[in-house]
Each structure stands twice: as C-alpha cells, then as structure tokens.
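Asker: Dropping the sequence and predicted coords here.
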Amino acid sequence: MSILSVLDPAVRLAHAAVATLAGVIPTAAAIVVFTLAVRAALHPLARSAARAERARTRIAPQVAKLRKRHAKDRDRLARELLALNRAEGVSPFAGLLPVLLQAPFFSVMYRLFTTAPGNLLDATLAGVPLGTHPAAAHAPARFAVFAVLEAALLALAWWNVHRAKQAPAPDGAPAGLGLLRWLAFGTPLFALLLPLAGGLHLLTSTAWTAAERWFLTRPTDRPARAQAVAPQPAR
C-alpha cells in the first residue's frame, strides 16, 4: 500500500467537488476552477510566509554583520542570532509552518489529477483525453495541445526567474541562491511526466503562484504617499 493512500478520503472528496463542477462546465474548466478555489483557500498561508520573508529580509544586514563578527565562534554567533530574532520579533522558522501546512493539499491535488477515480480523466480538452500523457501524444493535434501547455509553463518559469534576478539578494543570503532561482524551470520538466489533467492543474497553480508572489512582494509607496498628503505645519 502506498504511503499516499492515507490521502484517499481527501482525494475522493476533491473528486466529488470536481465532478460536481464538471456537471455544469467542461471538465477541463472544472479542474481550473477547483485549482483556483484551493489556492485561494491557501492564500492566508502564503501571506504568512511572505510576512516571514519580509521580516528576515529586514534583519538580513544585521545577520550578516553578526556572521562576520563571530565567524570563528559558532556558539556566540548562535546566541547573538537568537537574541536578534527575539528583539526583532522574528522566528527563524516563521515561514516553514505555512509551507508544511500546504504540502498535504498539493499531495491531494497531485493524486487527484494523476490517478483520479471514476471517469474524470476520460473527458477531453481540444479532443485530447485528460488522462493522456505527453509521451503518447503522437497525433499532431494532441502534440499541439501539450506544446501549448509546455510553452505556457516555460513562459511562467522565465518570468519567475526574471523577477527573482531583479530582486536584490539580501546580505547574508546563501551562496547558492542564484542557482535555486533556476529551479523554476523544473516545473515544465515535471509536467512532461503528468497526464494532461495534471499538466492543466500544474499550469493553473503555477500561474496563481506567480501572480500571488507578485502581489505579496510588490513595492508599496504608502509611506511616501502618506507623507505627501500630510498637512504642513503653519509658518
């Protein structure tokens, strides 16, 4: 028995939700709508992770100074970092819990759109059954559908990497951070292993992630705007 079988009850509930939607709209559209609904439900966790990331970025210069000052005394460095985190109200694991809480949801979605019960994967998108894998897309029409899917995923990966490269790396960031940014291109490669339904879910979820991250990390000029409209003291 697979260890993921513990998720089967949740998978059945998710399948029932998608099947209900598919009774009103095309199955492919139902997959998109259901994916968006799940990601919207997880948005508060993403906001929590973004706040933790901003907090770590804020104290990154101080962390870098401490690492340089106590490079030869790891015990002292650990104490100083702990004191800094406490003083600034930052937990080093603040962004980890939201990520861990999201993992079961993504596992359920993966199982739903790769081994869906019933006839969910028998529905078609542009004439291609949702259970078809890219390796089986020999006909030109089927190949075109997967080509469009891969092109969209590649475009999103490029956009994510481009935005990550534009963002300044905080002081004290890991040396391999630049390489990690390119892991976004692993998503299009992973899609080659999924049936069309899984690829459609992956595209929708990746697009949501890109838009969500842009929204949560966009620069704001509220302080400057507030200063501009603040009343000037009388002379």
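Answerer: Received it, and whenever you're ready, just let me know what you need. Numbering: from 1, shown residues only.
Asker: Quickly note the distance from the spatially most central residue of the chain to residue 184.
Answerer: For the chain, residue 209 is the residue whose C-alpha lies nearest the centre (CA atoms, centre = their mean; 4.3 Å). Using CB to CB, to the nearest Å, one gets 10 Å for the distance from residue 209 to residue 184. In short, each C-beta sits where N, CA and C put it, glycine included.
Asker: Could you do residue 69 as well?
Answerer: As defined by CB to CB, residue 69 lies at a distance of 35 Å from residue 184.
Asker: now do residue 71
Answerer: 32 Å.
Asker: Please export the alpha-carbon coordinates of stretch 208-219; CSV is fine.
Answerer: C-alpha atoms of stretch 208-219 as CSV (Å, rounded to 0.1, in the frame of the first residue of the first chain):
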residue,chain,number,x,y,z
TRP,A,208,-1.6,31.5,-9.4
THR,A,209,1.8,31.3,-7.6
ALA,A,210,3.4,33.8,-9.9
ALA,A,211,0.5,36.3,-9.6
GLU,A,212,0.3,35.7,-5.8
ARG,A,213,4.1,36.3,-5.3
TRP,A,214,4.0,39.4,-7.4
PHE,A,215,1.1,40.7,-5.3
LEU,A,216,2.7,39.9,-2.0
THR,A,217,6.1,41.3,-2.9
ARG,A,218,5.1,44.3,-5.0
PRO,A,219,6.7,47.6,-3.8
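Asker: Assess the claim that residue 11 and residue 113 are in contact.
Answerer: No - counting by CB atoms under 8 Å, residue 113 is not a contact partner of residue 11; they are 9.9 Å apart.
Asker: So which of those two has more stuff around it?
Answerer: Taking other CB atoms under 10 Å, residue 11 and residue 113 do not tie; residue 113 has more neighbours (28 against 21).
Asker: tell me which element that one falls in.
Answerer: helix 96-114 (DSSP states H and E).
Asker: Give me the buried positions along that helix.
Answerer: Using 16 or more other CB atoms under 10 Å as the test for burial, helix 96-114 gives 98, 102, 105, 108, 109, 110, 111, 112, 113, 114.
Asker: do stretch 208-221 as well
Answerer: If you call a residue buried by 16+ other CB under 10 Å, then stretch 208-221 has these buried ones: 208, 209, 210, 212, 213.
Asker: Can you name the residues in contact with that stretch?
Answerer: In this structure, residues lying in contact with stretch 208-221 by CB atoms under 8 Å, 6 or more residues apart in numbering are 35, 36, 39, 43, 46, 47, 50, 156, 159, 160, 163, 167.
Asker: Show me how far the helix or strand containing the second one is from its chain's centre.
Answerer: In this assignment (DSSP H and E), residue 36 forms part of helix 27-69. Taking the mean of its C-alpha atoms, helix 27-69 sits 8 Å from the chain's own mean (CA atoms, centre = their mean, to the nearest Å).
Asker: same deal with stretch 125-135?
Answerer: Chain-centre distance of stretch 125-135: 25 Å, with CA atoms, centre = their mean.
Asker: Just the helices from the protein, written as ranges.
Answerer: 8-22, 27-69, 74-88, 96-114, 140-166, 177-181, 186-191, 196-217, 222-229 (DSSP state H).
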